[in-house]
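**Student:** Here is the input, now give the coordinates:
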Amino acid sequence: MSEENITRITLDEKELILIGTAHVSKRSAEQVKELIELERPDTVCIELDEPRYQSIVEGTSWKEMDIFKVIKEKKATLLLMNLIISSFQKRLAKQFGINPGQEMIQGIESAKEIEANLVLADRNIQVTFARIWHGVGLGGRAKLLMQIIYSIFDKEDITEEELEKMKKQDMLDAMLQEFTESFPKLKVPLIDERDQYLAQKIKEAPGDKVVAVLGAAHVPGITKEIKKDHDLKALSQRPAKSKAPKIIGWMIPILILGIIGYTFYANPDVGVNLTMSWILWNGILSAIGAAIAFGHPLTIVTAFVAAPITSLYPLMASGWVAGVVEAFIRRPKVRDFENLSDAVISIKGLWSNKVTRILLVVVLSNIGSSLGTFLGGADVVRMFIQKIF
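**Tutor:** Numbers count the residues shown, from 1 in each chain. Below you'll find the model as predicted:
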């Protein structure tokens, strides 16, 4: 067979064969099958982690998802991001009439056929996202979200030639290429650290001959990193949460309550104005977020009422309250969960599916409330200085 996209490495009398693939290329899946059947390795490594592997072998388990648990565990934003990112790959796969990740599925099937060991070599995707989220900062997070959401609007088809060029990029990196250029630090958790993790897992795979099925962007890095030793435990650690957001989160409500309380004591009329400013800024912007998500009218009212209160109690968020109300009023049906992966392919689907609409209510209401907290807080301080001093 052709040696195109195949890298062979000998390490301590162990033969490592890396095949670089495009995650939506039919030819890549065929190459994987041919290579494994020809080489008959002791072990096949695939660029998947345990959750993604389970999703593939057991089928999409959306029907078992508890939407209330997702909101309670504060995972609505993460789930929505995962769904939107998967839509990019799914649209390409649909365009070319193949299943996304077909080369990984082929690697799993071929490993079973020759009775080879199967190693899940990639780092947990949630750890990768946590390290990305930590590394880009507050402004970077906003831009990252915008870049990901923009991908839904980008409906331009690509040619077979352009698809083959994508073999030089990881699927996630391909989607975030422009953002990566603006924020070079993103490349470290997205590509570099995963190269190190993948290299160590491949190197530690059992047997004298190992075939590794990888996104082509990782092959050069793995080829370099595989000669070094890497600490998998350190690479799997989630970054320590900064205490600053928590401190600021409590300082703002204490400051606002202190100002309003003192103002009521000094001038009750001004105190009423400050209170109304806080309520309106928080309530209106959070309600607008729920409305943009096409939330139920009662959900929008809930976002308005909850935001001024939850903004003063950092352990709660208006989006969570609004999301729970939306889920109770428009409880998702089995078909909504079954159609979840298809819903994120289009804007219409994202907003019409009851599950994704709930996630949008949570995220957009929280964004609105956060804006309201800063703008309302600034307005309260401004009025306090003007009226009291």
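**Student:** List the buried residues of the one helix or strand R382 maps to.
**Tutor:** Applying DSSP states H and E as the criterion places R382 in helix 354-388. Buried residues in helix 354-388, counted by 16 or more other CB atoms under 10 Å: 354-373, 376-377, 379-380, 383-384. (Each C-beta comes from the backbone N, C-alpha and C, glycine too.)
**Student:** How about stretch 215-232?
**Tutor:** In terms of neighbour count (16+ other CB under 10 Å), stretch 215-232 has its buried residues at G215, A216, A217, H218, V219, G221, I222, E225, I226, H230.
**Student:** show me where the stretch 251-389 of the chain has helices.
**Tutor:** Secondary structure of the stretch 251-389 of the chain (DSSP state H, counting those that start in this stretch): helices at 268-292, 297-310, 318-329, 334-338, 340-343, 347-352, 354-388.
**Student:** In TSV, list the ones you listed along with distance to E37 and mean pLDDT.
**Tutor:** Compiled in TSV, the helices of the stretch 251-389 of the chain are given as follows (distance: least, CB to CB, whole Å; pLDDT from 0 to 100):
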stretch	distance to E37	mean pLDDT
helix 268-292	52	94
helix 297-310	54	96
helix 318-329	48	93
helix 334-338	35	72
helix 340-343	30	70
helix 347-352	39	82
helix 354-388	40	90
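**Student:** As a markdown table, these with distance to T128 would be great.
**Tutor:** Formatted as a markdown table, the helices of the stretch 251-389 of the chain follow (distance: least, CB to CB, whole Å):
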| stretch | distance to T128 |
| --- | --- |
| helix 268-292 | 27 |
| helix 297-310 | 30 |
| helix 318-329 | 24 |
| helix 334-338 | 25 |
| helix 340-343 | 20 |
| helix 347-352 | 23 |
| helix 354-388 | 20 |
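**Student:** looking at those, which is closest to D195?
**Tutor:** Closest of the helices of the stretch 251-389 of the chain to D195 is helix 340-343, at 28.2 Å (criterion: CB to CB).
**Student:** The closest one packs against which elements?
**Tutor:** Helices and strands touching helix 340-343, by 3 or more CB pairs under 8 Å, 6 or more residues apart in numbering; DSSP states H and E, are helix 76-95, helix 347-352, helix 354-388.
**Student:** Just put the ones you listed in a markdown table and tack on distance to A290.
**Tutor:** Output for the helices and strands packed on helix 340-343, formatted as a markdown table (distance: least, CB to CB, whole Å):
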| stretch | distance to A290 |
| --- | --- |
| helix 76-95 | 13 |
| helix 347-352 | 13 |
| helix 354-388 | 5 |
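**Student:** Between the ones you listed, which one is closest to E39.
**Tutor:** The closest of these to E39 is helix 76-95. By CB to CB, the value is 26.7 Å.
**Student:** after the helix or strand hosting S55, next one along is what?
**Tutor:** Assigned by DSSP H and E, S55 falls within helix 50-58. Sequence order places helix 67-72 as the next helix or strand after helix 50-58, per DSSP H and E.
**Student:** other SSEs contacting that following helix?
**Tutor:** Against helix 67-72 (3+ CB pairs under 8 Å, 6+ apart) you get helix 318-329, helix 354-388.
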